[in-house]
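S.K.: Build me a structure from this.
(2 chains)
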Amino acid sequence: MSVRVRFAPSPTGKLHVGSARTALFNWLFAKHHRGAFVLRIEDTDQKRSNPAFLQDIDASLAFLGIVADEGPIFQSQRAALYREHAERLLQAGQVVEREGAVVFPVAPQTVTFADLLHGDITVDTSLFESLVLMKSDGTPTYNFACVVDDALMRISHVIRGDDHIANTPKQVLLYRALGFPLPVFAHIPLIVGVDRARLSKRFGATSVDEYRQVGYLPEAFVNYLVLLGWSPGGNRELIAGQELIEAFDLAKVRKAAAQFDQRKLDWLNSQYLKRTPLPRLAALLAERLVAKGWLPADYDRTWLSRIAALLQDRLRVLEEIEEEHAFFFREPPDYEGEAVEKYLRGDGVAERLLELRERLSRLAAFDTPQIEAATRALVAERQLASKELIHPVRVAVTGREVSPPLFETMAILGKAKVLSRLEHAATALARRS
RNA sequence: GUCCCCAUCGUCCAACGGCCAGGACACCAGCCUUUCGAGCUGACAAUGAGGGUUCGAUUCCCUCUGGGGACACCA
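M.R.: Here you go, the predicted model:
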């Protein structure tokens, strides 16, 4: 039997991280078994469905590297199919019409189904006396459309969140009534937040798109998601691409809900960032900066590569290029009030900045070794501690108390900007008005 | 409330029923250092409780406790 799985989101919101992991597990399972991954859009609820979310689902899946082998198939375009099968059940006397809806009466019984992760799950159907199959507005309910579609699409494995466990016995009943063979079910645990309840906006970002925007790399995000409930074994953590597909084993997914840990995701992302080839990192950063208008479309690639190299093992997420390193791109940089107060207003600071400026202006080559030599020479001659000069210069040049290594930073900024900032700091900022 | 699912460090994962329960993140300390970070060292830290089964239980069974999920003409 060939493996066929489906991911069936409803376009009623941005693609949720939890849904993304369900999609990912389905996709990995399909790819591992050289099967097919089908995308189905469950948009039978016209009131809540919104085309804008469709685009988000597409973009988010693309970001994750998930490509559907079939679909998207829209339930809203399959109305006739559901009606046809409802009619069939009506003819067979298995359902009744009640108040304009097609209802499936459920005799009290016990339903047992096999789950790939949980083993046999048994449920007493007296919990639900009847199931609405077709609503009075003529559209199918979730459980009915889901069964008809999964059966007609010949889905072999239904892999979904374990919040669907309660739906499964209802669907099993419908498979039987319709005479369809049962797929294999696998209910994977949910992702929860720090409150142990399902991930909600109260505790941060919940949509894939938000994580993409903050600047997580797809491989890192996928790697993190897959580690939530599964591991490749051997205490290994970093895994991606084909290796991940080959190693993935649905049966080894843990059954307990996993808590989403932003910090570990950050760490993983930083690991991937360190391993990203410089040209790609530079391109990713440039994309953000150009979009923000901080960099022209025809930016200097060599220059940006130097910045990328300098920041490569400092960034946790791409967003930090704008959040913490704007001084590379803004003229003048933003000066943090606290930093100015702390380092630029001391006795003799302005004079030292101007003296360094003078020496730097005479440098033949404005490169890191020469900048460092000039700075250290001044420190030595004035019998200062290094930090007595370096800290003020850092604030003068970057506007901040913390920055990447200062001499490299100055070299990359270039002589003109450094001299101008030193002067500005010494003449305007260092003196209280 | 009823039904279902789940239970190893704070968190995420390991551990054919059998060596001192292992790794990672976070946290803490040290080294390095122009700040921060990165990196390197090290420390701290768990089998929810009680019963069984067994020569031996993290692992198998039962009860309890705790947590979560589901109880729509929403998906």
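S.K.: can we go C-alpha only for contacts and neighbour counts from here?
M.R.: Noted.
S.K.: Which positions in stretch A:280-291 come out as buried?
M.R.: A:Leu281, A:Ala282, A:Leu285, A:Ala286, A:Arg288, A:Leu289 (16 or more other CA atoms under 10 Å).
S.K.: for stretch A:44-60, same thing?
M.R.: In stretch A:44-60, counting by 16+ other CA under 10 Å, buried: A:Thr44, A:Asp45, A:Ser49, A:Phe53, A:Leu54, A:Asp56, A:Ile57, A:Asp58, A:Ala59, A:Ser60.
S.K.: Roughly how far does the residue lying farthest from the centre of chain A sit from RNA strand B?
M.R.: Most distant from the centre of chain A: A:Glu381, at 52.1 Å, with distances by CA atoms, centre = their mean. Per CA to the nearest atom of the strand, to the nearest Å, A:Glu381 is found 16 Å from RNA strand B.
S.K.: And that residue, how close does it get to A:Arg352?
M.R.: For A:Glu381, the distance to A:Arg352 equals 11 Å [CA to CA, to the nearest Å].
S.K.: again, but for A:Leu15
M.R.: 55 Å.
S.K.: quick one, which of those two is more surrounded?
M.R.: Taking other CA atoms under 10 Å, A:Leu15 and A:Arg352 do not tie; A:Leu15 has more neighbours (25 against 20).
S.K.: The closest residue in space to A:Phe327 that isn't next to it in sequence sits in which helix or strand?
M.R.: Leaving out its chain neighbours, the residue that sits closest to A:Phe327 by CA to CA, 6 or more residues apart in numbering is A:Pro333, at 4.8 Å. Under the criterion DSSP states H and E, no helix or strand holds A:Pro333.
S.K.: and what of A:Phe366?
M.R.: Using DSSP H and E, no helix or strand contains A:Phe366.
S.K.: wait, doesn't it sit right on A:Lys415?
M.R.: Yes: the pair A:Phe366 and A:Lys415 passes the contact test of CA atoms under 8 Å, sitting 6.2 Å apart.
S.K.: Give me the common contacts of these two.
M.R.: Shared contacts of A:Phe366 and A:Lys415 (CA atoms under 8 Å, 6 or more residues apart in numbering): A:Leu360.
S.K.: Okay, strands next: where are they in the stretch 1-150 of chain A?
M.R.: With DSSP state E, counting those that start in this stretch as the criterion, the stretch 1-150 of chain A has strands at A:4-7, A:36-41, A:70-74, A:96-98, A:101-105, A:110-115, A:119-124, A:130-134.
S.K.: Go through those and pick out the most buried.
M.R.: Mean neighbour count (mean count of other CA atoms under 10 Å) peaks for strand A:4-7 among the strands of the stretch 1-150 of chain A, with a mean of 26.
S.K.: who does it touch, helix- and strand-wise?
M.R.: helix A:17-32, strand A:36-41, strand A:157-161 (3 or more CA pairs under 8 Å, 6 or more residues apart in numbering; DSSP states H and E).
S.K.: quick one: average pLDDT of it?
M.R.: The average pLDDT within strand A:4-7 is 98.
S.K.: likewise stretch A:346-355?
M.R.: 92.
S.K.: pLDDT value on the residue lying closest to A:Gln109 once chain neighbours are set aside, please?
M.R.: Leaving aside its sequence neighbours, A:Gln109 sits nearest to A:Thr125 (CA to CA, 6+ apart; 5.5 Å). Here the pLDDT value assigned to A:Thr125 is 89.
S.K.: how close does A:Thr125 sit to A:Arg357?
M.R.: Separation of A:Thr125 from A:Arg357 (CA to CA) stands at 82 Å.
S.K.: When those two are compared, which one has more neighbours?
M.R.: Shown here are A:Thr125 and A:Arg357; by other CA under 10 Å, A:Arg357 has more neighbours (22 against 17).
S.K.: The more buried one against A:Leu422, yeah?
M.R.: Yes: proximity of A:Arg357 to A:Leu422 meets the contact threshold set by CA under 8 Å, at 6.3 Å.
S.K.: Contacts for the helix or strand that contains A:Glu287 next, please.
M.R.: A:Glu287 belongs to helix A:278-292 when assigned by DSSP H and E. Applying CA under 8 Å, 6+ apart, the external contacts of helix A:278-292 come out as A:273, A:295-297, A:301, A:304-305, A:307-309, A:312, A:318, A:321-322.
S.K.: One more pass at 6 Å, please.
M.R.: With contacts defined as CA atoms under 6 Å, 6 or more residues apart in numbering, helix A:278-292 is touched by A:Leu295, A:Pro296, A:Ser305, A:Ala308.
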